[in-house]
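>>> Requesting a structural model of the entry that follows:
(chains A and B, ligands or ions: 2)
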Amino acid sequence: MNREATLSIDTGTVERLMPLLRFADRTRRALQYPLLGIAGLFALWYWGGWAIANNEDTMAFASFAPGPTLAAFWDIVSSGAVWSPIESSLYRVGWGLGYAIAIGVPLGVMIGYFLTLKQVTHVPFQFLRMISPLAWMPIAVLAFATWDAAIIFLIAIAAVWPITYATAHGVQRIDPMWLKVGNNLGANPYHTLRYIVMPAIAQDVFAGIRLAVGVAWIVLVPAEYLGVTSGLGYAINDARDTLEYDKLAAFVLVIGIIGYMLDAICVRLIKRSSYHAEG
Amino acid sequence: MGAAISIDYITHHYPGQEEPTLKDIEVNVAPGETVALIGQSGCGKSTLLHMLAGLLIPSDGCVRINGHQVIKPSPRWNMMFQKPSLYPWMTVRKNASLGLIFQGRKRDMRERIDQLLETVGLTDKAEVNVQSLSGGQQQRVALARSLATDPELLLLDEPFSALDAFTRVALQDEVTRLARERGISVVFVTHDIEEAVAMADRVLVMGSNPGTITAELRIDIDHPRDRNSQPFVDRKAELMGYFGATRTPAADPEPAGSEPPSPEAESEIQAADPAATESRARVRAA
Ligand SMILES: Nc1ncnc2c1ncn2[C@@H]1O[C@H](COP(=O)(O)OP(=O)(O)O)[C@@H](O)[C@H]1O
Ligand SMILES: [Mg+2]
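Numbering: from 1, shown residues only, chains lettered A, B, ... in the order given. Ligands and ions are numbered 1, 2, ... in the order given. The predicted structure is shown next:
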């Protein structure tokens, strides 16, 4: 009798808590491995900081450790000093990527569509692709009136290749029957592009843009070491010159976080542009 | 109204080929008529159909539809293929609407497509993605897409051969009914003798190397056709006979007669008995 009563109360409570428990369980499953990875990175960082601090030769750089870095990170965020370099850097990356997309997508469509063009461009493009964008720096500085324009050029020239080749790859994978059917239904070239080619290659294009964002973000920092007086690269260089290693590390942290966020946005776009049915 | 087709002495060489793929093909199709092309794999049936669609230009001779020479594709004559080739990023409705969108006929498009989807039995699927449909339903969407632009001529290249026997029979009857209702001319390619007898007013038997029309059979059975009726069975047997007669002795080492069909013949005259194919397919799936 008594036992039954307890049981019924228990099941009632459990039932009411069930959605909450399920939610907690799902969250735990979704986060446990990423959190493990983050914890690992922090442990490594902590250990590195400790090793630096305990070595006489490197002691001066002890503020690379997590403690001072996070304090400096809090400083630049709360004082608002972090926003202006972020803005400058995103401005350059945005324009650089914009040009890369505006050139890379049409170029990729043509290379994917015309086999001859692919063969003609193969050697020159692979050649150009393998030259570090930073090698263009002196030429870019001569060719462009402003530092900003030079940096945007460097980013664009680095980002254009992944976009071009991912687009071309997408075009080559288009089912020829789709074009034949479109043709048969009376599609003009604009229709073919708008209703058939673009939706078919959207996912490949965004995959290319994701790679391009990675490359652009990597090129940005060294490009900003030179000449300009704004941006994240400049902030790092500046912190080094004034020996503020905690601030330097804090900016490294900022670069990593923003890079991660840009990549996450691209992943979302890739998913959204996929036409494959879920599951 | 259905298109009148005249195929005028077509001979075709693919680039770099010595022997013509098609030679001296001459056929007329009356408005509203349904014509089947049947023949061995590689005899040039698809090639001929592509020419009717304007997707391929013959090296000699020409195709005229309603007196005009066919030089490019047009939504007025529509081709359907073995694969439905729907656009997987679109809904059923969008896929079916595409011909109208390309023609800029967007007025009343919704109502037209609603009617068409009802005709092919897909009303409740209008807004779902085509990837969630079965093969037969996908081919129905392709049919709706082809009919949306009010074509005068429907060209079908083995459109039902990838479907299971039940769906195939249902679609054969459906296409025949729709084409007759709308007076559309139909030219279709098939490997399936029963399909030819079920749908066609006239069957053209093609031989290969080079592709020519070797025999012609008129099927004057009233619609809807009962597949078990004596005339139907007779026509099937007759067509089978024509088909055997087109095989060259060199390709058939056994003297013609009581021998069982060679494996080659069996695969060519595929699914003459759909039930047998069906059961074979099931055995493989099991
Ligand atoms: N694009 C092409 N280029 C060269 N030869 C082709 C091409 N398409 C088909 N052929 C040849 O033409 C012949 C007829 O092909 P096809 O019309 O597809 O036959 P079927 O549809 O009757 O099976 C075949 O021998 C094939 O090899
Ligand atoms: Mg064929």
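
>>> Tell me the residues of the stretch 51-200 of chain B that contact ligand 1?
Taking CB under 6 Å from any ligand atom, no part of the stretch 51-200 of chain B reaches ligand 1. Where you see a C-beta, it was placed from the backbone N, CA and C, and this is true even at glycine.

>>> Flag every residue of the stretch 51-200 of chain B that's near chain A.
Neighbours of chain A within the stretch 51-200 of chain B, by CB under 8 Å from any CB of the partner chain: B:53, B:55, B:73-75, B:78-79, B:81, B:83, B:85, B:87-90, B:98-99, B:101-103, B:129, B:131-132, B:145, B:149.

>>> Give me the below-cutoff pLDDT ranges for the chain.
No chain was given, so I picked chain A. Scanning chain A for pLDDT under 70 picks out the ranges A:1-10, A:278-279.

>>> meant chain B actually
Low-confidence regions of chain B, defined by pLDDT under 70, span residues B:243-286.

>>> in the sheet, who's paired with B:Thr11?
Judged by DSSP bridges, the bridge partners of B:Thr11 are B:Asp60.

>>> What's the PyMOL syntax to select whichever of the residues of the stretch 51-200 of chain B next to chain A are buried?
Burial among those is assessed by 16 or more other CB atoms under 10 Å in any protein chain shown; the matching PyMOL selection reads:
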select buried, chain B and resi 53+55+73+74+75+78+79+81+83+85+87+88+89+90+98+99+101+102+103+129+145+149
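
>>> And what about the residue of the stretch 151-286 of chain B found nearest chain A, helix, strand or coil?
Relative to chain A, the nearest point of the stretch 151-286 of chain B is B:Leu155 (9.0 Å; CB to the nearest CB). Of the three states, B:Leu155 takes strand according to DSSP: H, G, I helix; E, B strand; the rest coil.

>>> With adjacent residues omitted, what lies nearest to it?
Counting by CB to CB, 6 or more residues apart in numbering or on different chains, B:Leu155 lies nearest to B:Met79, which is 4.3 Å off, once chain neighbours are set aside.

>>> ok, A:Ser78 - how many residues close by?
Neighbourhood size, A:Ser78 [other CB atoms under 10 Å in any protein chain shown]: 9.

>>> ditto for A:Thr13
A:Thr13, neighbours per other CB under 10 Å, totals 10.

>>> any idea which element it lies in?
A:Thr13 is part of helix A:2-53 when elements are defined by DSSP states H and E.

>>> starting at the chain centroid, how far to the next helix or strand after that helix?
Next along the chain after helix A:2-53, taking DSSP H and E as the criterion, comes helix A:66-79. The chain centroid and the centroid of helix A:66-79 are separated by 23 Å under CA atoms, centre = their mean, to the nearest Å.

>>> Going by contacts, tell me the helices and strands next to helix A:66-79.
If you count contacts as 3 or more CB pairs under 8 Å, 6 or more residues apart in numbering or on different chains; DSSP states H and E, helix A:66-79 packs onto helix A:2-53, helix A:245-273.

>>> Please find the angle between the direction vectors of the longest one and helix A:66-79.
Our comparison of helix A:2-53 with helix A:66-79, counting by axes from the mean of the first three to the mean of the last three CA atoms, to 10 degrees, yields an angle of 100 degrees.

>>> Please apply the same query to the shortest one.
Note on geometry: by the same axes, to 10 degrees, helix A:245-273 and helix A:66-79 are set 70 degrees apart in direction.

>>> how about helix A:245-273: buried residues?
Across helix A:245-273, burial judged by 16+ other CB under 10 Å covers A:245-255, A:258-259, A:262, A:266, A:269-270, A:273.

>>> That one vs chain B: in contact?
No. Judged by CB under 8 Å from any CB, helix A:245-273 and chain B are separated, with a smallest distance of 9.2 Å.

>>> and chain A, what are its domains?
Using automatic domain parsing, the domain parsing of chain A gives A:2-54, A:77-273.

>>> okay, the ones you listed, which one's buried deepest?
domain A:77-273 (a mean of 18; mean count of other CB atoms under 10 Å in any protein chain shown).
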